[in-house]
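Engineer: Give me the fold of what follows.
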Amino acid sequence: PESVQAALIRTDVLLAQNRLEEAKALLQGARDENEESLEIRLALCLLSDGEGNWEESEKILNEAERDLGDSAALRLARGRHLLRRRGDDTAELVGELAGGTEQLAEGEVTRLWQGLALLSFQAGDVEQARELAGRAAERDPNSLQARLLMMDVAVRTGDASGLANVLEEIERIEGKGAIWHYGRALYFRLLALEDLKQEGLLEQAKGHLAEARELRPQWSRIPALAAAIHDIEADQDRAIDEYLNAIALGERNPESVRRLVFLLSARGRYSEADQVIRRVEEDRGPVSRALLRMAGDVSLRLGHSDRALAIAERLAEGSGDFRDHVRLAQVLGTLGLRAGSEQRDDESQARLDQAEAALRRGVELARDEPESWAALVRFLSETGETEKAAEVLAEIGEAVAEENVPLVLARCYEAMEKPEEAAAQCEAALEASDNPGVVAWAANFFTRTGKHAEAEKLLRRIIAGQVRGDEALVVWARRKLATTLAARGGYPRLTEAI
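Structural biologist: As a prediction, the model looks like this:
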């Protein structure tokens, strides 16, 4: 009905003017007048999500299902709500929304599976995304949307042959159009990533991308891929320009957004990074926890204390990941020290107490994780609470699994800037375990403390296969060894490093 669309348009205007309460009241009135409108109810759910009022959102969705029945649109709205609320830890719940489709119309099922495939992809469950997109493609052999999702999955998993198969399907459906040329550009970029020494692949990718841009100049995926190609070529200024162009055209791919925010932040362009994040948030779509963490960092850099704290609190609320509580403590600690420097002593102490509580919560969640303990003792040392720091060190022997105690203590002593004690515990950790993580950390520790000979021995052990680990660890060790040899100096070492 026209009144529904008018209410939605007026709501968008009010939100653009930051008149949230008026927008909410308008939608609530429109819901009462249009009880059969799912759109109004979903818009209210979106507003509640934006405020972090998750229980109200759940209530709205449940009432909509009770009053209006099941539908693909309602299930997809529930999936987006879950992704906004729980971030990456959502895939299993999203997958459950794909079942029990007997009462849905034929076209609704295809739409549901395609939408859930996208949400699964955004939640990081590539296999679930592949399965759901495949089911949608099987039900609708001419669905380009399903093929685009399958293409994304192939790229994420580095499956060049799978991508080639999807491109054959796309050519069958629409010929060598914009999507096909875009896919071919993805294909050549993927091959280039597999073998950066092979010449001409990125040029072929850019050629197909130019064809796609000619056919579909307003498609946001095209400048996003152009940016990624410039990134590979280390032309980061052009990459930023293309990413910004993609965002302006509506690109909201989490990887593209995160990369743009990272590049802008690395150049100290925090205001622009903040604008990008806020633009994504204004769309009220799912925002990944990774992007939220970046948003908090940018806000803190810009001095937007309230926003930085609100983001950190949102990430930590109900989180079982100790890192979210450490991040909250870092924000609280920064605000506390800032308040202290401005002679707001009561506020400073309150913030520091809250920071300590957040760090202790992190330790509770991850007792065998060295980083959780190190963050706590570093904070206590830096804030002059040396007695409390000593008490924490005394707790470690009882609270941590015996085989992990030396590494935890080593990390803590390093955090307290006690290199001799840290080195002794590092040696004990190496004697207690040949875990690749322990060996890699020890190699880094010895490098940081100028003990390059000890670091070199450990790195050569990894390279020789004497430490169990994957290929990525070996590659890292080779690179680290090169820098270590260069740091030690001498013609033979420099020659080997090169």
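
Engineer: In this protein, what helix or strand scores lowest on average pLDDT?
Structural biologist: helix 491-497 (a mean of 47; mean pLDDT, DSSP states H and E).

Engineer: pLDDT below threshold where in this structure?
Structural biologist: 1-2, 88, 196, 284-286, 487-498 (pLDDT under 70).

Engineer: Go ahead and flag the most central residue of it.
Structural biologist: Against the mean C-alpha coordinate of the chain, by C-alpha atoms, centre = their mean, the closest residue is Ala290 at 2.8 Å.

Engineer: I'd like to know which elements the host helix or strand of that one is packed against.
Structural biologist: Assigned by DSSP states H and E, Ala290 falls within helix 289-301. Packing partners of helix 289-301 (3 or more C-beta pairs under 8 Å, 6 or more residues apart in numbering; DSSP states H and E): helix 254-266, helix 270-282, helix 305-316, helix 322-341. To be clear about C-beta, it is placed using only N, CA and C from the backbone, and glycine gets the same treatment.

Engineer: wait, which of those is closest to Glu55?
Structural biologist: Closest approach to Glu55 among those is made by helix 305-316 (14.7 Å; C-beta to C-beta).

Engineer: Now tell me what touches the closest one from outside.
Structural biologist: With contact meaning C-beta atoms under 8 Å, 6 or more residues apart in numbering, helix 305-316 is reached by 52, 289, 292-293, 295-297, 299-300, 324-325, 327-328, 330-332, 335, 338, 358.

Engineer: Buried ones from the residues you listed, can you make that a ChimeraX selection?
Structural biologist: With 16 or more other C-beta atoms under 10 Å as the criterion, this ChimeraX line picks the buried residues out of the contacts of helix 305-316:
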select :289,292,293,295,296,297,299,300,324,325,327,328,330,331,332,335,358
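
Engineer: Specify the angle between the helix holding Ala290 and helix 322-341 in degrees.
Structural biologist: Orientation of helix 289-301 against helix 322-341 (axes from the mean of the first three to the mean of the last three C-alpha atoms, to 10 degrees) gives an angle of 10 degrees.

Engineer: how far out from the middle of the chain is helix 289-301?
Structural biologist: 11 Å (C-alpha atoms, centre = their mean, to the nearest Å).

Engineer: gap between Ile463 and Ala455?
Structural biologist: Per C-beta to C-beta, to the nearest Å, Ile463 is found 13 Å from Ala455.

Engineer: likewise Val261?
Structural biologist: 33 Å.

Engineer: same thing with Gly465?
Structural biologist: According to C-beta to C-beta, Gly465 and Ala455 sit 18 Å apart.

Engineer: Who has more neighbours out of those two?
Structural biologist: Comparing Gly465 with Ala455 by other C-beta atoms under 10 Å, the one with more neighbours is Ala455, at 24 against 9.

Engineer: what's the more buried one in contact with, if anything?
Structural biologist: With the criterion set at C-beta under 8 Å, 6+ apart, Ala455 makes contact with 443-444, 446-447, 480, 484.

Engineer: can you check Arg238 too?
Structural biologist: For Arg238, the contacting residues are 227, 230, by C-beta under 8 Å, 6+ apart.

Engineer: so where does it fall, helix or strand?
Structural biologist: helix 236-248.

Engineer: List the buried residues for that helix?
Structural biologist: 236, 239-240, 242-247.

Engineer: do the same with stretch 446-453
Structural biologist: 446-447, 449, 451-452.

Engineer: Now Val400. Nearest residue, chain neighbours left out?
Structural biologist: Val408 (5.2 Å; C-beta to C-beta, 6 or more residues apart in numbering).

Engineer: Buried ones in the helix or strand containing that neighbour, by neighbour count?
Structural biologist: Assigned by DSSP H and E, Val408 falls within helix 405-415. For helix 405-415, burial by neighbour count (16+ other C-beta under 10 Å) applies to 405-415.

Engineer: try stretch 369-381
Structural biologist: The neighbour-count check on stretch 369-381 (16+ other C-beta under 10 Å) flags 369-370, 372-381 as buried.

Engineer: again, but for stretch 265-279
Structural biologist: Neighbour-count burial for stretch 265-279 [16+ other C-beta under 10 Å]: 265, 269-270, 272-274, 276-277.

Engineer: for the contacts of Ala455, which one is nearest Pro217?
Structural biologist: Comparing the contacts of Ala455 against Pro217 with C-beta to C-beta places Lys480 closest, at 45.3 Å.

Engineer: if we can go back for a sec, and which of the buried residues of helix 405-415 is nearest to Asn165?
Structural biologist: Among these, Leu407 lies closest to Asn165 (C-beta to C-beta), at 46.2 Å.

Engineer: The closest one and Phe445 touch, don't they?
Structural biologist: No: using C-beta atoms under 8 Å, Leu407 is not in contact with Phe445; the gap is 10.0 Å.

Engineer: Common neighbours of these two, please.
Structural biologist: Cys426.

Engineer: gap between Leu249 and Pro217?
Structural biologist: For Leu249 relative to Pro217 (C-beta to C-beta), the value is 9 Å.

Engineer: Name the residue in those two with the higher neighbour count.
Structural biologist: Relative neighbour count places Leu249 above the other of Leu249 and Pro217, with 15 against 11, counting by other C-beta under 10 Å.

Engineer: Identify the residue nearest that one in space, chain neighbours excluded?
Structural biologist: Using C-beta to C-beta, 6+ apart, the closest residue to Leu249 is Ser220 (3.8 Å).

Engineer: So what's the residue count around that neighbour?
Structural biologist: Neighbour number of Ser220 under other C-beta under 10 Å is 18.

Engineer: again, but for Ala339
Structural biologist: The burial count for Ala339: 19, using other C-beta under 10 Å.

Engineer: How about Ala308?
Structural biologist: Around Ala308 there are 24 other residues, counting by other C-beta under 10 Å.

Engineer: What of Ala472?
Structural biologist: With other C-beta under 10 Å as criterion, Ala472 counts 8.

Engineer: counting contacts, what elements does the helix or strand where it lies pack onto?
Structural biologist: Assigned by DSSP H and E, Ala472 belongs to helix 471-488. Applying 3+ C-beta pairs under 8 Å, 6+ apart, we find helix 471-488 packed against helix 436-448, helix 452-463, helix 491-497.

Engineer: could I get these as TSV with distance to Glu342?
Structural biologist: Below are the helices and strands packed on helix 471-488 laid out as TSV (distance: least, C-beta to C-beta, whole Å):
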stretch	distance to Glu342
helix 436-448	34
helix 452-463	43
helix 491-497	49
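
Engineer: These: which one's closest to Ser348?
Structural biologist: helix 436-448 (31.3 Å).

Engineer: re earlier: what's the closest of the helices and strands packed on helix 289-301 to Glu36?
Structural biologist: Comparing the helices and strands packed on helix 289-301 by C-beta to C-beta, helix 270-282 comes nearest, at 28.7 Å.

Engineer: For the closest one, give me every contacting residue.
Structural biologist: For helix 270-282, the external contacting residues (C-beta under 8 Å, 6+ apart) are 15, 244, 247, 252, 257, 260-261, 264-265, 287, 291, 294-295, 298-299, 301-302, 304.
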